[in-house]
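K.L.:
dropping the sequence and predicted coords here.
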Amino acid sequence: MPQTFVQRLIRKKFIDLRVVEETKLSRCLSTLDLTALGIGSTLGAGIYVVAGQVAKTVAGPSVVLSFVIAAIASIFAGLCYAEFGARVPKTGSAYVYSYYTVGELWAFIIGWNLILEYVIGTASVARAWSAYFDSLINKVIQHTFNDTMHMDIPGLSEYPDLFALGITLLLSVVLAIGVKESSMVNNLFTAVNLLVVLYVCITGAFKADSKNWTISEDQAHKENQAGDGGFFPFGVSGMLSGAATCFYAFVGFDAIATTGEEVKNPQKAIPISIVISLIAIAFAYCGISTVITLMIPYYTMDHDAPLPLAFEAVGWPVAKYVITVGALCGLSTSLLGAMFPMPRVIYAMASDGLIFRFLSRVNERTKTPFIATVVSGILSGVMAMMFDLKELVDMMSIGTLMAYTIVAACVLILRYQPDSPTVVEDMGMGALDTGPWQYDAPLSGSRLFFELFVPSCRYPTKLSGQIVSHCTLLIGFVITILSAVFVFEQDFITAGHWWAVIQVVIIGLVLVVPIIVIARQPQNKKTVTFLVPGVPYIPALSMIINIYLMMKLSYQTWIRFGVWMFIGFLIYFGYGIRHSSEEARSRNTSINAIILTDSETETERQPLSRQNEKSTLLKN
């Protein structure tokens, strides 16, 4: 029977795990390659800037704790990605995870926003690479292009940055040549960047002074906007605000999850590399922030180049040149890390038919998604060349945070489902004997209430899976309301107004109920190489953090997000919904069902004697 419109929106991706490792791409990446990709994508030039900026005006020395909190929040998201990487080792990251779990429309939304994230991310890093290099040669690029090709158009750059375009196209060629070759370049730059970070931490430790963590209130008040001194000069709230900023410094590890069809043994390599890269990044950021806040008073740090000037202030100016090398390597790995996953997401969506299928063609010699790589490189390069990206960078955050939220929700849903009909696999044993516990018939109110808190089956059932799915949706809705209250009534809450506090408590209690209901449901006992610990609490915490940060974004960002989604929906409803691979599969299923029904009807019409004759022939 043909699917209804709503069924087409929520249909899930069919994955045959018996042939999941079959791919047109080249499986040549190791766990080390993936770990270097994760570190390189995340540990860009920001490590030499972010710690000083947050310490100077937001958190002071407590920026160390800001990075610790941000690292924990990022690890929550990373663990969810790691479990899905073990369950569904396919190219596409959060896109394919959501397609597999919550359906086609949500998958398209996530995939479309990942494309936006990677395009803007690539363009912004290319622009930053150009600007940083230009600063080393006394702004020659800026002056030359401004004098010869000045543009005075609102929303566009002052001049077309051809250098940024050239960098992007060059790295696109590297990525198109082969994944192993681009991985080797990334590994080299990442190794240099990590050595520079290690150099900064070790040499800076010799110039550390614990007095810079205990600056007196009187001394702090003499400086402009220096807070109250001590370890928390801007209070605990400043430290938490710093954590929100530092959280974005960990964005990028999800590039690992796009390599499911290009890595050897992905079900082990992806979760291991995600966890190792996040731990290494956390140590790097905490190490840098500790050293720089111990070297000089936080309020004396330079906003644009805190580390080089910190070493210059303590009489070690030679470090400036070492840090410059590290920054250029960091920018290069960030650019590769932003460019690498983009064609993979485009390839995955095009392979499924949700966007134009020609983008999924793979080069026979290089085994890379060649057309997707070229198209994404040209698009990113043009944006880097033409646009003033300051107003667009926040749009990256929506795509990333939404992907993190959906992946956490998918882990919650999938962990409590019975064996899914969207997956075919050989488990080496019979299906779980859930038998009468499928509860296809409606239950009474009292019985349903009993099943919420005291399930009558030890295994996941259709009923328990539906309970968890609805509770997860409720959790997302309540978190959105709670986050809105925190954002728009923050002053009243911090001031202790009773009505605001009661509002938060009531909404918080409502949030706790579905989490408890999920915790009471039976989990799927299927063995996977990696499972998120502390389910449902860690995924729920990840959802809370991500949705809160999304609500903190400006309304202008949400308007631009709406425009981007409008363009995406035109493509999906005009092309994708009709050309989806799942659409073709459902049509074939309907045709086979009709043929089978006609065959059964014809058999029933045959005289009984002919049927007996056939039966006798078969027995003989």
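P.N.:
Sure thing, it's come through.

K.L.:
where do the helices sit along the stretch 201-350 of the chain?
P.N.:
Here the stretch 201-350 of the chain has its helices, by DSSP state H, counting those that start in this stretch, at 217-222, 235-247, 266-295, 306-313, 319-339, 341-351.

K.L.:
okay, those helices in TSV with distance to Met402 next?
P.N.:
The C-beta positions use only the backbone N, C-alpha and C, and glycine is treated the same way. Output for the helices of the stretch 201-350 of the chain, formatted as TSV (distance: least, C-beta to C-beta, whole Å):
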stretch	distance to Met402
helix 217-222	39
helix 235-247	14
helix 266-295	19
helix 306-313	31
helix 319-339	17
helix 341-351	14
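
K.L.:
and these, which is most packed in?
P.N.:
Per-residue neighbour counts averaged over each of these give the maximum for helix 341-351, namely a mean of 27 (mean count of other C-beta atoms under 10 Å).

K.L.:
isn't Leu65 right next to Met239, touching?
P.N.:
Yes - counting by C-beta atoms under 8 Å, Leu65 does reach Met239; the two are 5.5 Å apart.

K.L.:
mutual contacts of those two, please.
P.N.:
Counting by C-beta atoms under 8 Å, 6 or more residues apart in numbering, the shared contacts of Leu65 and Met239 are Ala59.

K.L.:
so which of the helices of the stretch 201-350 of the chain gets nearest Pro61?
P.N.:
With respect to Pro61, and counting by C-beta to C-beta, the nearest of the helices of the stretch 201-350 of the chain is helix 266-295 at 4.3 Å.

K.L.:
show me what that closest one is packed up against.
P.N.:
With contacts defined as 3 or more C-beta pairs under 8 Å, 6 or more residues apart in numbering; DSSP states H and E, the packing partners of helix 266-295 are helix 31-42, helix 50-54, helix 63-87, helix 179-205, helix 306-313.

K.L.:
out of the ones you listed, nearest to Asp352?
P.N.:
Of those, the one closest to Asp352 (C-beta to C-beta) turns out to be helix 63-87, at 16.7 Å.

K.L.:
tell me what angle the helix or strand that that closest one is followed by forms with helix 341-351.
P.N.:
Scanning forward in sequence from helix 63-87 by DSSP states H and E, the next helix or strand is helix 94-101. Orientation note: helix 94-101 sits at an angle of 30 degrees relative to helix 341-351 (axes from the mean of the first three to the mean of the last three C-alpha atoms, to 10 degrees).

K.L.:
now for the protein, the helix or strand with the poorest mean pLDDT.
P.N.:
In the chain, the helix or strand scored least confidently by mean pLDDT, DSSP states H and E is strand 423-424, which has a mean of 44.

K.L.:
put the alpha carbons of stretch 157-167 into PDB.
P.N.:
Below are the C-alpha coordinates for stretch 157-167, written out as PDB (Å, rounded to 0.1, in the frame of the first residue of the first chain):
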ATOM      1  CA  SER A 157      33.800  41.900   2.300                       C
ATOM      2  CA  GLU A 158      35.800  45.100   1.700                       C
ATOM      3  CA  TYR A 159      37.700  43.300  -1.000                       C
ATOM      4  CA  PRO A 160      37.600  39.900  -2.700                       C
ATOM      5  CA  ASP A 161      40.100  37.700  -0.800                       C
ATOM      6  CA  LEU A 162      41.600  35.700  -3.700                       C
ATOM      7  CA  PHE A 163      44.200  34.300  -1.400                       C
ATOM      8  CA  ALA A 164      41.500  32.700   0.800                       C
ATOM      9  CA  LEU A 165      39.800  31.300  -2.400                       C
ATOM     10  CA  GLY A 166      43.200  29.900  -3.500                       C
ATOM     11  CA  ILE A 167      43.800  28.100  -0.200                       C
END
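
K.L.:
which parts of that stretch are buried?
P.N.:
Using 16 or more other C-beta atoms under 10 Å as the test for burial, stretch 157-167 gives Ser157, Tyr159, Pro160, Asp161, Leu162, Phe163, Ala164, Leu165, Ile167.

K.L.:
contacts for that stretch?
P.N.:
When contacts are taken as C-beta under 8 Å, 6+ apart, the neighbours of stretch 157-167 outside the stretch itself are 123, 126-127, 129-130, 133-134, 141-142, 145-146, 149-152, 335, 381-382, 384-388.

K.L.:
weed out the non-buried ones from those residues.
P.N.:
Buried residues within those, defined by neighbour count using 16+ other C-beta under 10 Å: 123, 126-127, 129-130, 133-134, 141-142, 145, 335, 381-382, 384-387.

K.L.:
my read is that Met339 contacts Gly381, right?
P.N.:
No - with contact taken as C-beta under 8 Å, Met339 and Gly381 are classed as non-touching, separated by 10.0 Å.

K.L.:
in helices, which of the contacts of stretch 157-167 appear?
P.N.:
Within the contacts of stretch 157-167, residues falling in helices by DSSP state H are 123, 126-127, 129-130, 133-134, 141-142, 145-146, 335, 381-382, 384-386.
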